[in-house]
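Chemist: Need the 3D shape of this:
(chains A, B and C)
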Amino acid sequence: MIPSAFEYVAPESLDEALAALRDGGEDAKVLAGGHSLIPLMKLRLATPSLLVDLRRVPGLSGIQREDGSWRIGTMTTHYEVTGAGLGLASAAAGTIADPQVRYRGTLGGSLAHGDPASDMPAVLLAAEGSVTVRGQSGQREVAAADLFEDFLTTAVGEGEILTEVRLPALEGYGFGYQKFNRRKEDWAMVAVCALVKKAADGTCEDVRIGLTHMGSTPLRATAAEQALRGQPLDAERIRAAAEQAPEGTDPPADLNASADYKRHLARVLCRRALEQASS
Amino acid sequence: MGAPGAEAAKTTEPGGNGFVGRSLKRKEDPRLITGGATYTDDMVLPGMLYAAIVRSPEAHARILSIDTSAASEAPGVHAVFTGEDMDDLAASCPMVFLPPGVEMRIPDHWPLARGKVGYVGQAVAVVLGADKYAVVDAATQVVVDYDPLPVVVDPEKALEEGSPIIHEEFGTNTVFEWSLAGGDMEAAFRDADVVVEKRLVNHRTAGAAIEPRSFLAQWREGRLTFWSSTQIPHICRVLLSIQLGITEEKIRVVAPEVGGGFGSKLQVYGEEVLACWCARRTGRPVKYTATRSEEMLVTHHGRDQIDYVKIGATRDGKLTGIHAKIIQDCGSYHLIEGPVIPTFSACVISGCYDFPAVQTDIVGVFTNKFTTDAIRGAGRPEATHFIELTMDALAEELGMDPLELRRKNFITEFPNERPHGFIYDSGNYHGTLDKCLEKLDLDAFRREQAELREKGIYRGVGFSTYVEICGLGPSRALGPDGWGMQGGYFESAQVRVLPTGAVTAYTGVSPHGQGHETGFAQIVADRVGVTPDVVEVIHGDTNTGPFGKNTYGSRSLAVGGEALARAAEKIQDKARRIVAHKMEAAPEDIELTEGRFEVRGSPGRGMTLAEVAGEAYIPADLPDGMEAGLDEICFYDPPNFVWPFGAHACVTEVDAETGRVDIVRYVAVDDCGPAINPLLIEGQIHGGIVHAVGQALYEQMVYDADGQLITGTFVDYALPSAADVPSFETDRTETPTPTNTLGVKGVGEAATIACSPAVVSSVLDALRPLGVTELDMPLTPMRVWQAIQAAEGGAS
Amino acid sequence: MARISVRVNGVEHTEDVEPRLLLVHLIRDKLGLTGTHVGCDTSNCGACTVHVDGHAVKSCTLLAVQCDGSEVTTIEGVGSETALHPLQQAFWEQHGLQCGYCTPGMIMAAADLLATNPDPSEAEVREALAGNLCRCTGYQNIVKAVLAAAGGMSAQAAQPRREEVTA
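Modeler: Next up, the predicted model:
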């Protein structure tokens, strides 16, 4: 399988990259690690006219701590995130596909691609992080809750580049990550991530639950969160909260999982993730 | 069938070196581990054109028009051809299974469609050019106008009145009907106290060799050289000759390094004929390499049977008979032998058990899907699956331990003629099961199982005791007057001792990963008194060695290896006579010990093979009447099939909440006769298990109602990886066959034939407390979860 | 066309390539290094695994232009028949291959694992090979080979389990 022909540039600054995108028009695409885009191009499901490769743009890679958050450059690979000790984000990144893919796939690329079956979008959503988006007219911060608009559609507009990810460090939170797939290298049939902060008396001070592949975008299990917040973190309450994990979701069915089955998995995985996060 | 009149072969002593039976490292590996091997797609010839194929997106449609003008004018395109251009072919794809007295419906199946398509992916046009990227672009510019026709993908629906008919000329979707039976079937079920019936779907799978098919054709000076990722170069040459209408001596077919086959390359594909035809038409070498997406669409699929099984028994567990009706989905067209596959199910319908009566009724059906044909096991995994799971159900019905039921009915006397005429050569079914249980420790498992169930953990164990038919095969039984395969199933071998004493061994089989260069060298080395490193095994080239019948049906060792052993023994015999002559001794007093032919009782008095070769090639002093040279041929046609067997046990753990199945332990005890190289056997067993675990848990070819393949890449067609399976515990017993002098059976398919019912049975055992009694493969988490939901007392 | 320079197995190559040229086709078709194979279209099988700048990657999912200025190692750069890499030796001794088609990719993926984790457990080896498919071996002997190589690389004195061809 061979992509259709396209033009390619690898600019050396962000401004040049933005200019190239502007000049390239609507069929121009940003190339980060390429591990979502190139497979689609080989199957000719994506046929960009221009690829603007960010690999030469300085300052887009690396992880820094600032004001209670991690600032992660868009070109930071899943491999780097896995090894960076970022709790939930590292755990989730370590389950992506296989080692070869994790060396090339990038956090920014994965988020901008907006595949609801990918691991990192729900993590960012649950952590209530944000991304920095640069365009011709300057840069803006987009909260995770506003980033994912629809299947493969994000708030990163035409001619814009997602440059940085801000991931709250969420110290004092325990986390759980439960990914259900058929084979180790597969996308999640359903995944649930949970972040739990315990109060001094052992009750749930705060909880965030992210759902992967339960809709056309990553989702928060808000009903389950509400059910648990302020409650003792015992098995019964966790179970009861997890029952509400699929509340309000409309999961896409596929060969391996009907909508019903996905809802069921969301409940089971939510319970397990909460148990993991609060243990 | 197969054995009447067969004489038991006398097992020979191989000679003095003792290389047979040892786990030697493979001779093939240095080139493979360094990237030095040459697979077909690695080859480039001057002036070579790449072929890109335009394929039908419709499952059933008339072709109204094909417009190739834009593609022809696209940059870098040398030529574009359609089916109409290929009207000079002499024949369409021959299908070689024509059982006597059976009406077999064989539609014309051309390399490029003519007027109509019957499956998604059918080749409609070919684009040739020197740039492999440009031809792919140009292929998208071929415009085909289709008039869609109604589609049928379900084989049972295809048999119903009013179904769309795929080939109007036949007026039916039935490919053929055949029944293979023996014993008093009526009495079998009349005398039974208990009869269990099951319907089992053995779903469609892919061979999925990791090397996609690749073909390179060169036409020079009126001669065709064709390199193909094939298991069957010799057969390919015959069929190319028939289809291209040129005589065979002008064709050379070479199978270079071949990256796995599993039956999927036991084929002569339309693209092979197409590449050769294009090379002839253009005068340029032409290469076609399939993408994985094309592989999934149009490399033949396997299985796809619906099996209705009925077993009768007396109250005390004595089997009275087995009846199976097999509905085989053949796809819309045949390749070389697809319809024969369910026949192999019929051969082993008796399993390891002493059924007094057996019957298999086969119905082949056309559907708008791609062709099914031989994939690892080919009919036998399906049979083992339905026999073993129905035996489990019978045990349940009788309230009897499933192993006790098996043991009570094991065949113990050999040779043993089954009611349908097949003669089991040798066996020790209790022996493999004993050894399997010894390794498993069933009592300990049952205790553990009970303890875990208390904690809500569901583990189960399942067994499969199997026998397979392989070593294809006795030509009299298999051939035109037997069950109708239009060919002979001997194997050829030639052993040539070179003047300096090195040995070239030509074999008619054509390995693609099995390790014959090593195993066969061990066989020859022992018989001619050299070390295996100086025996080069040559295969896969129709211009070297005699005509052969290639590699499939676990035949290479039992037929090809035996042929080589016999050719080597002819060398040994001639060498003895030369040595006897030179040493002034009787030939019967010459013995082969530690690499020398010596006069018995006179240590040091003898010759090496190199010295013998010197005499043979400088024939100044040979015995009177002896020809010069040291070069012998054998054509070996076996008197019977061989029947490997064994016992497999699988332990699974089921997550009753999600339906996920994990294999916890797997114990395999197989008997394929005496080992030539135990390392190679172990490798075949490991790979065979995972192939079947793939079918049991992960892999499935799924078509939607419109005939679109929806598992068309490795994303959706889920081959398991190392991270998805455990390590296995394997062992062997050795029961020689009297069919050949080596005593050997086959092992390439054994574990795949054995494994799937053990996996399914273990899951059913695990879920017994939840009331689940039926599960069809693949046991995907959703399917298992749904079964738990449906069963009374479901978990949630 | 784009001009790129790539150092492959220690040799500098400068090539004019279409931007869409996949790294695996640069390696196989332009540089003639055919030990790297293609087994699928979707980054699943790993037969095309090579190292780029020290990490195992799937060369069917990289554009050659993305590797401009990079260091690439293929199976041909790992060892030779006369100087086998410990992993190659172990694959041979443990019967870690049959048809050999997936083998170069397996060895490259395993080499990456051992570079970061010289003493892996069986589970870690299996996880590390999740992106490499083999249809022949059932993986058991591949896993054994990687474990043996890990042992062998830390203690060169390990005895080969298999006999030599010449006794």
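
Chemist: Give me the number of neighbouring residues for residue B:619.
Modeler: When counting by other Cβ atoms under 10 Å in any protein chain shown, one arrives at 12 neighbours for residue B:619. Glycine gets a C-beta too; all of them are placed from N, C-alpha and C.

Chemist: Likewise for residue C:148?
Modeler: 22.

Chemist: so, in contact with chain A or not, the helix or strand bottoming out on mean pLDDT in chain C?
Modeler: Sorting the helices and strands of chain C by mean pLDDT, DSSP states H and E puts helix C:140-154 at the bottom, at a mean of 92. No - among the residues of helix C:140-154, none lie within reach of chain A under Cβ under 8 Å from any Cβ of the partner chain; the closest is 13.1 Å away.

Chemist: Give me the residues contacting that helix.
Modeler: Contacts to helix C:140-154, defined as Cβ atoms under 8 Å, 6 or more residues apart in numbering or on different chains, come from residues B:682-683, B:686, B:722, B:727-728, C:86-87, C:89-91, C:93-97, C:106, C:110, C:113-114, C:118-120, C:122, C:125-126, C:129, C:134, C:158, C:161.

Chemist: give me that answer again for 7 Å
Modeler: B:683, B:686, B:722, B:727-728, C:86-87, C:90-91, C:93-96, C:106, C:110, C:114, C:118-120, C:122, C:125-126, C:129, C:134, C:158 (Cβ atoms under 7 Å, 6 or more residues apart in numbering or on different chains).

Chemist: Buried by neighbour count: which residues of stretch A:183-202 qualify?
Modeler: A:183-198 (16 or more other Cβ atoms under 10 Å in any protein chain shown).

Chemist: Could you write out the alpha-carbon coordinates of it in PDB?
Modeler: Written as PDB, here are the backbone C-alpha positions of stretch A:183-202 (Å, rounded to 0.1, in the frame of the first residue of the first chain):
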ATOM      1  CA  ARG A 183      -4.800  -8.400  21.500                       C
ATOM      2  CA  LYS A 184      -2.000  -6.400  23.200                       C
ATOM      3  CA  GLU A 185      -1.400  -4.300  20.100                       C
ATOM      4  CA  ASP A 186      -5.100  -3.400  19.400                       C
ATOM      5  CA  TRP A 187      -6.900  -0.200  20.100                       C
ATOM      6  CA  ALA A 188      -9.200  -0.200  23.100                       C
ATOM      7  CA  MET A 189     -12.600  -1.800  22.700                       C
ATOM      8  CA  VAL A 190     -13.300   0.300  25.800                       C
ATOM      9  CA  ALA A 191     -10.900   1.800  28.200                       C
ATOM     10  CA  VAL A 192     -11.600   3.600  31.500                       C
ATOM     11  CA  CYS A 193      -9.200   5.800  33.400                       C
ATOM     12  CA  ALA A 194      -9.900   7.000  36.900                       C
ATOM     13  CA  LEU A 195      -8.300   9.600  39.200                       C
ATOM     14  CA  VAL A 196      -9.200   9.500  42.800                       C
ATOM     15  CA  LYS A 197      -8.300  11.900  45.600                       C
ATOM     16  CA  LYS A 198      -9.000  10.600  49.100                       C
ATOM     17  CA  ALA A 199      -9.800  13.000  51.900                       C
ATOM     18  CA  ALA A 200      -8.100  12.500  55.300                       C
ATOM     19  CA  ASP A 201     -11.100  10.500  56.500                       C
ATOM     20  CA  GLY A 202     -10.800   8.100  53.500                       C
END
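
Chemist: any idea how far the closest residue to chain A within chain B is from residue C:131?
Modeler: Nearest residue of chain B to chain A, counting by Cβ to the nearest Cβ: residue B:723, 3.8 Å away. From residue B:723 over to residue C:131 the distance is 9 Å, taken as Cβ to Cβ, to the nearest Å.

Chemist: Over to residue B:44?
Modeler: According to Cβ to Cβ, residue B:44 and residue C:131 sit 29 Å apart.

Chemist: the more surrounded of those two?
Modeler: For residue B:44 versus residue C:131, the count of surrounding residues by other Cβ under 10 Å is larger for residue C:131: 26 against 13.

Chemist: Can you name the residues of chain C that neighbour chain A?
Modeler: C:2, C:18-20, C:41-44, C:46, C:49, C:55-58, C:61-63, C:65-66, C:109, C:112, C:127-128, C:130-131 (Cβ under 7 Å from any Cβ of the partner chain).

Chemist: and if we set it to 6 Å?
Modeler: Residues of chain C found near chain A (Cβ under 6 Å from any Cβ of the partner chain) are C:19-20, C:41-43, C:49, C:55-58, C:61, C:65, C:128, C:130-131.

Chemist: quick one: the residue nearest to residue B:787 when sequence neighbours are not counted from chain C, how far?
Modeler: The shortest distance from residue B:787 to any non-neighbouring residue, by Cβ to Cβ, 6 or more residues apart in numbering or on different chains, is to residue B:772 (4.8 Å). With distances taken as Cβ to the nearest Cβ, to the nearest Å, residue B:772 is found 28 Å from chain C.

Chemist: So which bits of the least confident helix or strand of chain C are buried?
Modeler: C:140-153.

Chemist: List the neighbours of stretch B:610-620 that are in contact with it.
Modeler: Contacts of stretch B:610-620 with the rest of the structure, by Cβ atoms under 6 Å, 6 or more residues apart in numbering or on different chains, involve B:497, B:499-501, B:575, B:578, B:628-630.

Chemist: What's the first helix or strand after the host helix or strand of residue B:493?
Modeler: Element membership for residue B:493 (DSSP states H and E) is strand B:491-497. Moving toward the C-terminus from strand B:491-497, the next helix or strand (DSSP H and E) is strand B:503-507.

Chemist: close to chain C, is that next one?
Modeler: No - if you take Cβ under 6 Å from any Cβ as the test, strand B:503-507 misses chain C, and the best it gets is 13.9 Å.

Chemist: Give me the helices and strands touching that strand, please.
Modeler: strand B:491-497, strand B:535-538 (3 or more Cβ pairs under 6 Å, 6 or more residues apart in numbering or on different chains; DSSP states H and E).

Chemist: For chain C, list the residues in contact with chain B, please.
Modeler: Near chain B, when you scan chain C using Cβ under 6 Å from any Cβ, you find C:34-35, C:39-42, C:44-45, C:47, C:75-76, C:80-81, C:88, C:91-92, C:95, C:97-104, C:126-127, C:129-130, C:133, C:135-140, C:162-163, C:165-166.
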